[in-house]
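> Would you be able to build a 3D model of this:
(one chain, ligands or ions: 1)
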Amino acid sequence: WRERGAAMSTRQEVDSSGQVQTRLVKKGVKDFNFGRTLGEGSYSTVLAATDRQNLKEYAIKVLDKRHIIKEKKVKYVNIERDTLNRLTEHPGVVRLYYTSQDERSLYFVLDLASGGELLGVLKKMGTFDVECTQFYGAQILDSVAYMHSRGVIHRDLKPENVLLDRSMHTKITDFGTAKILPDPKAHGAGNNITPGSPIDGAEEDRANSFVGTAEYVSPELLNRSNACKASDLWAFGCIIYQLLAGRPPFKAANEYLTFQKILNLEYSFPDGFPAAARDLVERLLVLEPANRLPVDHIMSHEFFDGVQWGKELWRQKPPRLK
Ligand SMILES: NC(=O)c1nn(CC2CCNCC2)c2c1CCc1cnc(N=C3C=CCC=C3)nc1-2
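Okay, the predicted model is just below:
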């Protein structure tokens, strides 16, 4: 397991001559006070934590080594670490500061998004108005564009994975099921697996055959072809629809019926759904991935008229949720 980054802390110790020596040591879990549980997975728990030295707040993802190996998730953990290592320069993506480990666990020290999930805010509001949908949609799209430019497909975009920081700006998280596209420039690029991690072909296939959350999964993933960048744009179309309608476009009594609705493109707009948003959603919820609007066309779509893309989008005060 290749650890990444090195956050150091200073430690005072008295040497044999009674002199106080200051040593630089790599931070470990004992340098943090752990707080509430933010989320739990089959082999990981995410906790809020405060650095005891500088009082900075983080989210620390604790991954249980035994579970990872038992549930054959080594590949997913490597992909998550490698994905996060690629996505360090964007305000809309949860940042990995460094990793650490001890005998039992791996630790990912990540940004804390103290505002919780976008889904929680949407549930409280019922629906977003056009201004809020435009702002939050633009931040999500800007982050997806950055991910794609770094060769990463998220594959499980949904309002639960769009978090909010203390200034109510978005931070996308949960890259455990992301896909890293082969780097066209690198010859014989690494397989993202650290030496010694027990990977077999079956696990490789499982990682490629991942399907996201039912309501947001794209038709190509249901037709057993691999995810592509346009798969994230299908999910983005579902999110825009959901922010304005208060529910996802494809929702049925069970997953199988939801999948049928997706494959048959069986959805409709509620009365009063804004025309520009409807046009955008109709150009994203397209069965053929190649025919979906690409990112740059989405950014110049009428629905996003007036959005200042780039750094300004992340400096501005978010619209009041009403
Ligand atoms: N899987 C992860 O990496 C992860 N999971 N969570 C909590 C999940 C809760 C369910 N929805 C998806 C996120 C986090 C992270 C990254 C790092 C991270 C940073 N901040 C928060 N903040 C939260 C605050 C309130 C409620 C939930 C999350 N959460 C996380």
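> Tell me how far residue 179 lies from the ligand.
16 Å (C-beta to the nearest ligand atom, to the nearest Å). From N, CA and C alone the C-beta is placed, and that goes for glycine too.
> for this structure, what spans make up the strands?
8-14, 20-26, 32-40, 44-51, 57-64, 96-101, 105-110, 116-117, 152-153, 162-164, 170-172, 179-180 (DSSP state E).
> residues touching residue 276, list them.
For residue 276, the contacting residues are 301-303, 305, by C-beta atoms under 8 Å, 6 or more residues apart in numbering.
> Can you pick out the most distant pair from those?
301 and 305 (8.1 Å; C-beta to C-beta).
> picking up where we left off before, got the strands of the chain as TSV, with mean pLDDT and distance to residue 267 columns?
Output for the strands of the chain, formatted as TSV (pLDDT from 0 to 100; distance: least, C-beta to C-beta, whole Å):
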stretch	mean pLDDT	distance to residue 267
strand 8-14	77	52
strand 20-26	79	51
strand 32-40	97	29
strand 44-51	97	33
strand 57-64	97	34
strand 96-101	93	36
strand 105-110	96	35
strand 116-117	96	23
strand 152-153	96	23
strand 162-164	98	21
strand 170-172	98	24
strand 179-180	94	26
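> Could you save these as CSV and add columns showing mean neighbour count?
Output for the strands of the chain, formatted as CSV (neighbours: other C-beta atoms under 10 Å):
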stretch, mean neighbour count
strand 8-14, 11
strand 20-26, 10
strand 32-40, 14
strand 44-51, 19
strand 57-64, 21
strand 96-101, 19
strand 105-110, 22
strand 116-117, 15
strand 152-153, 23
strand 162-164, 23
strand 170-172, 24
strand 179-180, 20
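> how about a markdown table for these, with distance to residue 268 added?
Compiled in a markdown table, the strands of the chain are given as follows (distance: least, C-beta to C-beta, whole Å):
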| stretch | distance to residue 268 |
| --- | --- |
| strand 8-14 | 57 |
| strand 20-26 | 56 |
| strand 32-40 | 33 |
| strand 44-51 | 37 |
| strand 57-64 | 38 |
| strand 96-101 | 41 |
| strand 105-110 | 39 |
| strand 116-117 | 26 |
| strand 152-153 | 28 |
| strand 162-164 | 25 |
| strand 170-172 | 28 |
| strand 179-180 | 31 |
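> How about the residues of the stretch 51-200 of the chain by the ligand?
Residues of the stretch 51-200 of the chain found near the ligand (C-beta under 6 Å from any ligand atom) are 59, 61, 94, 110-113, 116-117, 160-161, 163, 173-174.
> Return the closest of the residues you listed with respect to residue 100.
residue 61 (11.0 Å).
> give me every residue that touches the closest one.
44-46, 107-108, 110.
> which residues does it form a beta bridge with?
Note on residue 61: beta-bridge partners by DSSP bridges are residue 46, residue 108.
> Okay, it and residue 72: tell me how far apart.
Distance, residue 61 to residue 72, using C-beta to C-beta, to the nearest Å: 19 Å.
> looking at the contacts of residue 276, which has the most residues close by?
residue 303 (21 neighbours; other C-beta atoms under 10 Å).
> Tell me if I'm right that it and residue 138 touch.
No. The pair residue 303 / residue 138 is not scored as a contact, 9.5 Å apart, by C-beta atoms under 8 Å.
> From residue 105, how far out is the closest residue to residue 42 other than its chain neighbours?
In space, and not counting its chain neighbours, residue 42 is closest to residue 71: 6.2 Å by C-beta to C-beta, 6 or more residues apart in numbering. With distances taken as C-beta to C-beta, residue 71 is found 15 Å from residue 105.
> Residue 233 now?
36 Å.
> repeat for residue 20
Taking C-beta to C-beta, one finds residue 20 at 32 Å from residue 105.
> what does residue 321 give?
From residue 321 to residue 105 the distance is 37 Å (C-beta to C-beta).
> confidence score at residue 190?
pLDDT recorded at residue 190 is 38.
> Residue numbering should commence at 53 henceforth.
With the count now opening at 53, the last piece we talked about shows up as residue 242.
> for the stretch 203-352 of the chain, what spans make up the helices?
253-260, 271-274, 281-297, 307-315, 327-336, 347-351 (DSSP state H, counting those that start in this stretch).
> can I get those in TSV with distance to the ligand and mean pLDDT?
Formatted as TSV, the helices of the stretch 203-352 of the chain follow (distance: least, C-beta to the nearest ligand atom, whole Å; pLDDT from 0 to 100):
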stretch	distance to the ligand	mean pLDDT
helix 253-260	16	55
helix 271-274	20	95
helix 281-297	14	98
helix 307-315	19	97
helix 327-336	23	98
helix 347-351	23	98
